[in-house]
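**Q** Sharing a sequence plus its predicted fold:
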Amino acid sequence: MSHVSESLEESGTAPGPPAEERADLLVVEGIGVGFGGVTALRDLSFSVAEGTVHALIGPNGAGKTTAFNCITRTQRPQSGQIRYRDLSLLRVPPARLPKLGIMRTFQHPQLCPSLTVIENVLLGHHSRTEVGWLPWITRSPGARREERAATEEGYEILRALDLADLAEHEADRLPYAALKRVELARALMGRPRLLLLDEPAAGLTTEDVERFGDTLLRLNREQGITILVIEHNLTFVGRLADTVTVLVDGHVVAEGTLAEVREIPIVREAFLGKVRG
Ligand SMILES: Nc1ncnc2c1ncn2[C@@H]1O[C@H](COP(=O)(O)OP(=O)(O)OP(=O)(O)O)[C@@H](O)[C@H]1O
Ligand SMILES: [Mg+2]
């Protein structure tokens with residue numbers, strides 16, 4: 001059995017109107033990226049409706065992370081456009097993205113290893129406010145008030161993600177599943193409107209994957225956060241995603257619910273190829 005046909009009964013649907021009736025929050029239009037002789041993305045187009053969970057799936061090397069890098073402005077596409085709300089995202093300075101409500105996690109967790117968990121989480125606050133550490137160091141009364149409020153918010157997020165016990169631990173001593181949750185906590189500290197998650201379930205136990213899925217569904221349903229998620233675990237995708245975009249060789253080959261796209265021969269081939277290869 002291919003991964004694509006696994007456990008699809010529980011396809012998630014966010015409350016409110018169906019995905020196709022919601023306004024687009026993010027529109028990727030005709031993005032092209034090449035690395036020397038390698039074409040990572042070619043004419044990549046897809047839209048993410050506000051308030052939905054949208055998954056990007058595809059075999060290794062399909063260009064999923066490169067697409068995230070373009071959206072988060074760490075990779076400049078050679079062609080195409082990206083619209084976020086009414087903004088042309090490629091014209092926005094990358095440092096402004098957190099302020100606009102765009103936060104991400106990474107395929108390989110990127111935390112500051114020598115900082116504690118709560119300190120790492122507070123970096124999410126600094127990226128959003130753009131104030132940086134300086135006012136905190138000079139410790140004006142206003143800065144102290146803000147520091148207290150942000151720290152309280154950070155602990156609240158850690159409690160919600162079952163990480164409170166680890167708040168004072170150094171990030172480099174954490175088990176892998178906790179690292180992934182701390183990355184999510186840091187992203188939530190930025191109060192995202194659009195949350196991009198690159199393989200959140202990779203390397204987790206079945207139990208941790210389920211727990212992570214519960215958390216993401218809560219964030220989507222209760223806080224209305226739009227989630228764009230890259231994931232190979234299709235049980236997880238089937239449970240969470242309203243819409244699935246399938247990438248093969250840097251190009252969209254299918255889109256729909258997971259139950260719909262899994263029936264398409266090119267999708268089955270791409271995934272069977274991966275299983276055989
Ligand atoms: N910085 C880079 N320099 C050269 N080639 C790159 C670079 N980043 C990505 N690529 C190439 O671009 C293609 C797409 O890579 P990308 O990491 O986006 O794939 P992916 O879909 O995220 O794969 P995976 O599922 O393995 O994470 C691959 O062929 C990859 O080798
Ligand atoms: Mg990747």
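**A** Sure thing, it's come through. Ligands and ions are numbered 1, 2, ... in the order given.
**Q** For ligand 2, what's the nearest residue on the chain?
**A** residue 65 (3.2 Å; Cβ to the ion). In short, each C-beta sits where N, CA and C put it, glycine included.
**Q** doesn't that residue fall inside a strand?
**A** No. Per DSSP: H, G, I helix; E, B strand; the rest coil, residue 65 lies outside any strand segment and is helix.
**Q** domain parsing for the protein?
**A** What automatic domain parsing lists as the domains of the chain is 1-101+193-277, 110-191.
**Q** Let me have these in a markdown table, extended by mean pLDDT.
**A** Output for the domains of the chain, formatted as a markdown table (pLDDT from 0 to 100):
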| stretch | mean pLDDT |
| --- | --- |
| domain 1-101+193-277 | 88 |
| domain 110-191 | 87 |
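**Q** Quick check: which of those domains is nearest to ligand 1?
**A** Ligand 1 lies closest to domain 1-101+193-277 among these, at 3.3 Å (Cβ to the nearest ligand atom).
**Q** residues near residue 206, how many?
**A** Residues within reach of residue 206, counting by other Cβ atoms under 10 Å, total 11.
**Q** ok now do it, which residues does it touch?
**A** By Cβ atoms under 8 Å, 6 or more residues apart in numbering, the contact set of residue 206 is empty.
**Q** Can you report how many residues lie near residue 259?
**A** When neighbours are counted by other Cβ under 10 Å, residue 259 registers 14.
**Q** helix, strand or coil for it?
**A** Residue 259 ends up helix, using three-state DSSP.
**Q** How about the residues of the stretch 51-200 of the chain by ligand 1?
**A** 58, 60, 61, 62, 63, 64, 65, 66, 107 (Cβ under 6 Å from any ligand atom).
**Q** try it again with 8 Å
**A** The stretch 51-200 of the chain has residues 58-69, 75, 107, 198-199 near ligand 1, with proximity defined as Cβ under 8 Å from any ligand atom.
**Q** Using CSV, write out the CA atom coordinates for the helix or strand where residue 42 lies.
**A** Take DSSP states H and E as the rule and residue 42 turns out to sit in strand 38-49. The C-alpha trace of strand 38-49 is given here as CSV (Å, rounded to 0.1, in the frame of the first residue of the first chain):
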residue,chain,number,x,y,z
VAL,A,38,19.2,22.3,-10.9
THR,A,39,15.7,23.6,-11.3
ALA,A,40,14.2,23.6,-7.8
LEU,A,41,10.9,25.3,-8.7
ARG,A,42,9.3,25.9,-12.0
ASP,A,43,6.3,28.1,-12.4
LEU,A,44,5.0,27.2,-9.0
SER,A,45,1.6,28.5,-8.2
PHE,A,46,-0.8,27.9,-5.3
SER,A,47,-3.0,29.8,-2.9
VAL,A,48,-3.7,29.4,0.8
ALA,A,49,-7.1,30.4,2.0
